[in-house]
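Visitor: build me a model:
(2 chains)
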Amino acid sequence: MSFNLLVLVCLLYVALLFLVAYAAERRAAAGRLGWLRSPLVYTLSLSIYCTAWTFYGAVGYAARSGLEFVTIYLGPTLAMVGWWWFLRKLVRVGRSQRVTSIADLISSRYGKSNALGVLVTLMAVIGTTPYIALQLQSVTLSFAVFAGPGPAGWGRGEPAATAFWVAVGLALFTILFGTRNLDANERHHGVVMAIALEAVVKLAALLAVGVFVVWGLVGGVPEMLARIDSSAVARQPLDSGRWVTLIFLSAVAFVSLPRMFQVLVVENSDERHLAIASWAFPLYLLLISLFVVPIAVFGLAELPAGANPDLFVLTLPLAFDAEGLAMVAFLGGFSSATSMVIVAAIALSTMVSNHVVMPLWLALRGGGASMSGDVRNIVLRARRVSIGAILALGYLYYVFSGGGAALAAIGLISFAGVAQVFPALLGGLFWRGATRVGAAAGLLTGFAIWGYTMFLPSFGDSGPMSARLLAEGPFGIGWLRPQALFGIEGLDPLVHAMFWSMTLNSFAFVLGSLFSFPAPLERLQGAQFVNVFGHSGAARGWSGGVAEAEDLLVMAQRILGAQEAQEMFQAESRRQGREGYLPDVTPDFIERLERELTGSVGAATAHAMLAQTVGGSAVSVQDLMAVADETAQMLEYSSRLEAKSRELARTARQLRDANEKLTALSRQKDAFLSQISHELRTPMSSIRAFSEILLEGADEMSGAELRRYAGIIHEETIRLTRLLDDLLDLSVLEAGRVTLNIAPVQLGTIVQRAVTAAGSGRQARRLRIRLEDSGFGVTLRTDADRLAQVFINLISNAGKYCDAERPELVIRARRRGDRLDVDFVDNGSGIAKCDQEVIFEKFIRLSDQARAGGAGLGLAICHEIMLKLGGRISYLPGQGGTAFRVSIPLVASQGGGAEAASQGAGGSRAAAGR
Amino acid sequence: MGSHILLIEDEPNITEALRYILQREGYRVDTHSDGASALETIRERRPDMVILDVMLPHRSGYDILRDLRAEPTHADLPVMILTARGQDKDRDLATRYGASRFMTKPFSNAEVLATVRELLAR
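Guide: This is a model prediction of the structure:
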C-alpha cells in the first residue's frame, strides 16, 4: 500500500473529525443539544483513557508479560464501580465550584492558593509530556510499518518529520475546537463529539482485527482457546505485588490524569450520566480488551521472531494481506492517539493559562482587572499558545528520548507521576483537616520521589543518572539508591517507586495538615468541598463589598462577554427586586459572580481579579463563626436569621429606593414650574429684545442686519413651538390617547430614516455614526414613525452631548429571544450612576447647556413611546460612553399587542403616582 | 470711552441682543458663557459692571455672585442678575447674595438700559 494513500486516508479521516466537531458546535450554538449531551457520548468520551498505549501496547504487554495487561483495565473498572462514592462527590464538587481542571480543584480546595495550582500544573505537564510523546511515537511507528523498510525516501530523518506534522495538525485541531469559547460551563461540544466518534472507531478497529484473527485465521473459538493454552502467554507467572500495585495505580490515574479529569468532571453536563457510565464504561473496557490475548498469542506464533509485539495489531493483517483491515486498524490507533492528545492539550492549556499565564499577567499589569483590555482575548490567546507549547514539548521529548522505550513503560511512568495528586485530592474531598501546607508537602514529596526513583532512571544509564549512581547510590550512599531506597532490595522497580512515593506522599500530606493551621479561606473552601451534599453554598468568602456595581460589570463583560455579563447582572437585579443592570453589591452577589468567573479563568485567578476590584478579599467574623460552630441547630438558626435579615435588607432597600424616587419626584415637581417658566421665557427674551430692536431702529439697519435679526426671531419662535409640541406630545402619550399605526417594517429602514433625519443638525454633523447592521434585516410589527422618533432623539442627543474629541455613535441590533435589542453607544464620558435613575423623567437636562436646545422632554417622550410599543428603553451602564438600549418585542400581535401595551403603560403611570 | 460691561450669559441669541443694545449706547461689552470660569474672567477683565445669568453651564449664577461678594475688591461691583426664573424665592436669593438689581426675562430693552445707566452712575 502506498504511503501517499495512507496520508490521504489520514487526511480524509481528520477532515471527517473536523466536520463532526464543527457540526456539533453548530448544533450546540443553536441550542439544540439533545443527544450531544447523552450518557452515551459521555461514556464514549471517557474512553480517551484507552490511548494508543492501550490500542497497540496492550497486545505487546500481553505478549511480553502475559495477563498482567488486564490490570490496566481492572483499575478503572474498579474505580468506576467501587469508588462510586468518591467519583460522585468529585463530579458534584467540580460542577458546583465551576472547576476548570484538576489543578483548579486542588487550588480552589486549599484556599484558592495559586501556588498549589502552579505546582499541580507543573506536575501535570511533566507527567503528561512523555505520554504525548508516546502517542506521537505510536503514530509514527504505525506509519513506518505501512511504508515498509523500502528505500523510497523513508530514511532515518523521516519519523521525526512525521511526528512533527502530526503534532502540528493536532495543535491546530485543538486550538480550533478547544479554545472556541471561554466559559468552561459551555464545554467543548465539538471536541467531545469528535472523541466520542474516535472511541467508536478504535473499538470497532480492535474488534475487527480480533474477529479476523479468531474466526478468519485460527478458525473459531475452540481452536483459539487451544492455542492460548499451549502458548507461553498463559504460562507467565502472576506477580501478586505487581498486580495489586498496577490495579491501584491505574485506578488512581484514571481519576487524576488531567485529561480524564477533563472528560469525567469538567465536560460532565449531568450527574446522572456518571451513574450510567459506571457500568457502561467497564463494558467498553471489556470489549476493547477481549481480543488482546488472541492477537498476542497468534502474533507470537505466526509472525517472525523479531517482530515488535507492540505493532501486532497492524502487522498481523498486513502479513495476511488484509490491507483494508490493516487500514482500519491503523485508523483505530490513529484515533486513540489523537483523541488523547487533543483532550490532554485542552486540559493542560487550561491549567497553564489559568494558573501560570493569567496570574503573571495580573501581577504585571498591576492596575486591576477592571482597567482596560479584553481579558477574554488574553485568556484565549494564552490557551492557544499553551496548546502549541505543550505539543511542542511532547514532540521534543519524542525526539530526544529517541522514541525507543517500550510503549507500556512510558505509560506507567506517566501514570505514577500524575497519581501523586491523589492523596491531596482524596483528602481535600473527605477530610476537613487537610490544609494547604499538607497538600503542598505531600505533592512535593511524592513528586520528588517519583522523579528520583522512576522518571529519571527511565532514561537509562545514558540519561541524567549514571549507571554508577543507580548501582551504588549518590556519593556511594547505599540506602539512597534510586531503585532500592532505605536498603529495601529485590522489589520490582515499579512497585518500589509506587510504594515509596505514595507512602511518603500521604505521610507528608497528613503530617503537614496536622501540624499547620488553615487560613480562613481554606476553612471555608474545605467546608464547601467536604460537605458538598449537605449545604451547598452556605459559606461565603466576601464581606460587604466596596466595589461599584458598574466596575464589576465592566470587568465581568471583559471575561464573560457583554451579553452574558449583562444578562447575569440584570437577572441579579431582578432577583433583588429592582430594575436595570446594576444590582446592589452584596456578598452573595460577589460570591455568585466569582463562581461565574471561575468557570472562565479558574478559582485562584477569579478570586484575585475580584479582590483587586472589590478591594481585599475579606472573610468576615460571622463567616468564621459559621465555620467554627457547625452544629445542625446553629446552622439552621443562622440560616433562618440570615433569611430574615436578607428579607429585611431587601425591604429596607426597596423603601430607600422608593424614598429616593419620591424625593427626586417632589424636587422635580418643585422644579417643574421654574423649569417650564425658564424654558418659555428664554426664547421669548430673544424674541422680545430683537423685535424691540427692530421696532426702534429698523430704518438705520443694513439689509443683512435686518435679515439676521428677523431670522433669530423666527428661529426662536420655532423653538417655542417645538417645546409646546413636545409638551402636547407627552401629555397625549401619558394620557394614552395615542393611535399607533402598526405595520410590518424592516429595522434597517427605520434606522436609516432616523440617521438621515437626525444628521441635519449643527452638532449632528460632527458625530460619526457607525452602523453594525447585522441585525438590521429583522422585520418588526410596530409603529415606524414612533420608533423612528425614539431613534432620532437618541442620535441627536449623542450629537449634542457626546463630549469625546471625535464623537462617534455605534448602533447595533441583536435578537434576544422574543425581543430585539437596539443599542446606541457613544464614546463620550457616559452618565453618572445617580443621574441614570432620573434621565427618563420630564425636564431633566443633565448638563444645563442651553445650546442643547431641548427642554429635557426627549427621553421622557421616548420612554412613553416605548411603553406604548410594548417595549422599553433603558440606560445601559458599563459601556464606556453613554449607552441606551431600546428593546422592541418581536411577537407583538396586531392591535391586541398595542392595546395591551398601552394598558400596561397606564398601569405603570398610576403606580408612579402622577 | 464708555464704561466696561461684562455680560455672562450662555444663550447666544440673548447675548447678541444685549450686546447690540449696549454697544449702541456706547458701552464696551465683553461676553462670557461658562459658569465655572466666570469668576476668573471677572477678576481678569475688571469690568465696571456685570450682567449675570443664573442658569449657566457648570455653575449657577448665584454661586458666582456669592463668591464674588466674598472678595473685598468686588464687594461694591454693580451686578445685575438677569434670569428666566422669576419666582419670589429667586429674587430673595439674589438679594441675599448681594445682587445690585434683579431683572427677569423676557426684559424690555429700555428697562435694561435704564438700570445699567443707574447702576453705573452710582
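Visitor: does the worst-scoring helix or strand of chain B on mean pLDDT reach chain A?
Guide: Counting by mean pLDDT, DSSP states H and E, chain B has its least confident helix or strand at helix B:88-96, which shows a mean of 88. Yes. Counting by Cβ under 8 Å from any Cβ of the partner chain, contacts between helix B:88-96 and chain A involve B:Asp90. For every residue, glycine as well, the C-beta is placed using N, CA and C.
Visitor: ok, now which ones touch A:Val211?
Guide: A:Phe291 (Cβ atoms under 8 Å, 6 or more residues apart in numbering or on different chains).
Visitor: pLDDT score assigned to it?
Guide: A:Val211 is assigned 87 on the pLDDT scale.
Visitor: and B:Met103, by the same measure?
Guide: On the pLDDT scale, B:Met103 is placed at 92.
Visitor: give the contact list for A:Phe430.
Guide: Each residue near A:Phe430 by Cβ under 8 Å, 6+ apart is listed here: A:Lys89, A:Val530.
Visitor: quick revisit: now the least confident helix or strand of chain B - C-alpha only, CSV.
Guide: Provided in CSV are the C-alpha atoms of helix B:88-96 (Å, rounded to 0.1, in the frame of the first residue of the first chain):
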residue,chain,number,x,y,z
ASP,B,88,-40.1,85.2,44.6
LYS,B,89,-37.6,82.8,46.1
ASP,B,90,-35.3,83.5,43.2
ARG,B,91,-35.5,87.2,43.8
ASP,B,92,-34.9,86.7,47.6
LEU,B,93,-31.9,84.5,46.9
ALA,B,94,-30.4,87.1,44.6
THR,B,95,-30.9,89.9,47.1
ARG,B,96,-29.4,87.8,49.9
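Visitor: enumerate the positions of that helix that are buried.
Guide: Buried positions in helix B:88-96, judged by neighbour count with 16 or more other Cβ atoms under 10 Å in any protein chain shown: B:Asp90, B:Arg91, B:Leu93, B:Ala94.
Visitor: contact residues of chain B facing chain A?
Guide: Residues of chain B lying near chain A (Cβ under 8 Å from any Cβ): B:10-14, B:16-18, B:20-21, B:24, B:55-57, B:84-87, B:90, B:104-110.
Visitor: show me what secondary structure element comes after the least confident helix or strand of chain B.
Guide: Downstream of helix B:88-96, the first helix or strand assigned by DSSP states H and E is strand B:101-104.
Visitor: isn't there a helix covering A:Thr739?
Guide: No. Counting by DSSP: H, G, I helix; E, B strand; the rest coil, A:Thr739 is located in no helix; its state is coil.
Visitor: what values do phi and psi take at it?
Guide: Note on A:Thr739: its backbone torsions stand at phi -100, psi 130 [degrees, to the nearest 10].
Visitor: need the contact list for it.
Guide: Applying Cβ under 8 Å, 6+ apart, no residues contact A:Thr739.
Visitor: any idea how far chain B is from it?
Guide: According to Cβ to the nearest Cβ, to the nearest Å, A:Thr739 and chain B sit 36 Å apart.
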